[in-house]
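Colleague: Pasting the sequence and the predicted model now:
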Amino acid sequence: MDLLASLREGTAVEHQALEDQLDLMNPALDHERYRLLLSGFLGFVEPYERALQRWCPEPQRDLIDGRLKTATLVADLQALGFSGEQIDALPRDAEPGDMHERAGWFGRFYVMEGSTLGGRVIGPHVAKTLGLQDGVGNAYFLGHGARTGSMWKAFRERLQNSLEPAEHEAAVAAARACFSGLGHWFERALPASVASAP
Ligand code: HEM
């Protein structure tokens, strides 16, 4: 099986669990729940992106450029009414795990970058349900906008061309750990009413 198929199949259960837990596609999504969820996203996206930059294998520097989302998330939170002090005070201590081997780095980056695909359905749903102007409060979920498809294709090609078959298992294990780490982060970081779907 090719690496992308292994990653998708190997994390399908964890992805579904996260979708169910966050329940972002619920037609009854309200502002309060969305604000809490988005503040929870900042708490893991920021430390993950810092770790991705820190452990970036030298030949992959260009892959990171233009894919980081922390600033977009902060802008969304501001658009939703968070003050600078409130944003600074948000917890962002999710544990990104070991990325010093490139398989672990790529496996985790796959999860972060792949989330732009789900964003193509989440972003418009959030704007419609909450009455947001597109890109103002939901920009994180709009991913790379019209370039999301081509950016994902380029990412996939790089991933597939960079890892040896012997590293595939470690990449899948890292992706799985990343997904379940996110689930635990949301359980810990958010009030019980939000951490699990209503
Ligand atoms: C919470 C609600 C979520 C929904 C409704 C959702 C939905 C989706 C959908 C529809 C796709 C497939 C899109 C396509 O093939 O064009 C997808 C792919 C993906 N999503 Fe999510 N997603 C959610 C959350 C997340 C989160 C929080 C992450 C990680 C931070 C994530 C990571 C991924 C990855 C890695 C893929 C790529 C799978 C692959 O094709 O290899 N998703 N998601």
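Modeller: Sure, I can see it. These numbers come from a predicted model, not from an experiment.
Colleague: Assign a three-state SS to Gly143, would you?
Modeller: coil (DSSP: H, G, I helix; E, B strand; the rest coil).
Colleague: if you skip the residues just before and after it, what's nearest to it?
Modeller: Nearest residue to Gly143 in three dimensions, chain neighbours excluded: Thr116, at 3.0 Å (Cβ to Cβ, 6 or more residues apart in numbering). Quick note: C-beta positions are derived from backbone N, CA and C, even for glycine.
Colleague: and Leu37, what does it touch?
Modeller: Leu37 makes contact with 22, 24, 186, 190, 194 under the criterion Cβ atoms under 8 Å, 6 or more residues apart in numbering.
Colleague: So which other helices or strands are in contact with the helix or strand harbouring the third one?
Modeller: Yep, that's Phe186 we're talking about. Phe186 is part of helix 168-189, with elements assigned from DSSP states H and E. The contact analysis (3 or more Cβ pairs under 8 Å, 6 or more residues apart in numbering; DSSP states H and E) places helix 168-189 against helix 3-10, helix 12-22, helix 31-54, helix 102-130, helix 192-195.
Colleague: mind saving the C-alpha coords of it as CSV?
Modeller: The C-alpha trace of helix 168-189 is given here as CSV (Å, rounded to 0.1, in the frame of the first residue of the first chain):
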residue,chain,number,x,y,z
HIS,A,168,6.3,4.4,6.6
GLU,A,169,5.3,2.6,9.7
ALA,A,170,6.8,5.3,11.9
ALA,A,171,5.1,8.0,9.9
VAL,A,172,1.7,6.3,10.4
ALA,A,173,2.3,5.8,14.1
ALA,A,174,3.2,9.5,14.4
ALA,A,175,0.1,10.6,12.6
ARG,A,176,-2.1,8.4,14.7
ALA,A,177,-0.4,9.8,17.9
CYS,A,178,-1.0,13.3,16.6
PHE,A,179,-4.7,12.7,16.1
SER,A,180,-5.3,11.1,19.5
GLY,A,181,-3.1,13.8,21.1
LEU,A,182,-5.5,16.4,19.7
GLY,A,183,-8.5,14.5,21.1
HIS,A,184,-6.9,14.5,24.5
TRP,A,185,-5.9,18.1,24.2
PHE,A,186,-9.5,19.1,23.5
GLU,A,187,-10.7,17.0,26.4
ARG,A,188,-8.3,18.6,28.8
ALA,A,189,-8.4,22.2,27.5
